[in-house]
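Enquirer: Using only what follows, build the 3D model:
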Amino acid sequence: MQDSIDYRQLVEGAGDAIIASDAQGVICLWNAASARIFGFSSDEAIGQNLDIIIPERQRHRHWTGYDATMASGITRYGTTLLKVPALHKDGRTLSIAFTVTLLKAADKVTHVVAIVRDETARWSEERDLRRRLRAFEDAAGQAGGTDN
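Expert: Okay, here's the model as predicted:
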């Protein structure tokens, strides 16, 4: 016998943000991790447009793709992990990685669901490591290039 799964509990307990939006890009699902990552409570986010987390300079590209996906019923990204900037409620920029899935009814896309992870700290650490490596390589190159 298979146990039933409480999907609401699963979504709310997930460590990654789970965000669902309708055909117009209005948020209709915002789990606890979404609130932790983006700073908006569920009450603040649900009913709002996705623009609350999309940086201004990214919006045209985002909505062009979103509208095309809604019209075609196909996302060109499939299960590809996408990495983009996002906005926190306090205005700071986040680095996020996410995948999307399309929910359909009668062969028509009704919702887009994104599973989102905050990569800001990891990205910052990698950037710092690249800087340190570059400085080390520069120092090693200078040391190796001197005549004794």
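
Enquirer: if I read this right, Leu82 contacts Ile115, doesn't it?
Expert: No: if you go by C-beta atoms under 8 Å, Leu82 and Ile115 don't touch, sitting 10.6 Å apart. Placement of C-beta: from N, CA and C, glycine included.

Enquirer: any residues in contact with both of those two?
Expert: Common neighbours of Leu82 and Ile115 (criterion: C-beta atoms under 8 Å, 6 or more residues apart in numbering): Phe98, Thr99, Val100.

Enquirer: between the residues you listed, which is closest to Asp16?
Expert: Nearest to Asp16 among the shared contacts of Leu82 and Ile115: Phe98, at 8.3 Å, using C-beta to C-beta.

Enquirer: So what does the closest residue to the closest one other than its chain neighbours look like in phi/psi?
Expert: Leaving aside its sequence neighbours, Phe98 sits nearest to Val116 (C-beta to C-beta, 6 or more residues apart in numbering; 4.2 Å). Torsion angles at Val116 (phi, psi; degrees, to the nearest 10) stand at phi -120, psi 140.

Enquirer: Which strands and helices lie in contact with the longest strand seen in the chain?
Expert: Counting residues, the longest strand found in the chain (DSSP state E) is strand 93-105. With contacts taken as 3 or more C-beta pairs under 8 Å, 6 or more residues apart in numbering; DSSP states H and E, strand 93-105 sits against helix 32-38, strand 82-87, strand 108-118, helix 120-144.

Enquirer: What ranges in this structure fall below the confidence cut-off?
Expert: 1-2, 124-125, 128-129, 145-148 (pLDDT under 70).

Enquirer: again, only this time at 80
Expert: Judged by pLDDT under 80, the chain has its weakly predicted residues at 1-3, 78, 121-136, 138-139, 141, 143-148.

Enquirer: hmm, back to that, out of Leu82 and Ile115, name the residue with the larger neighbour count.
Expert: Set Leu82 next to Ile115 and count neighbours by other C-beta atoms under 10 Å: Ile115 wins out with 17 against 12.

Enquirer: Thank you kindly, that will do.
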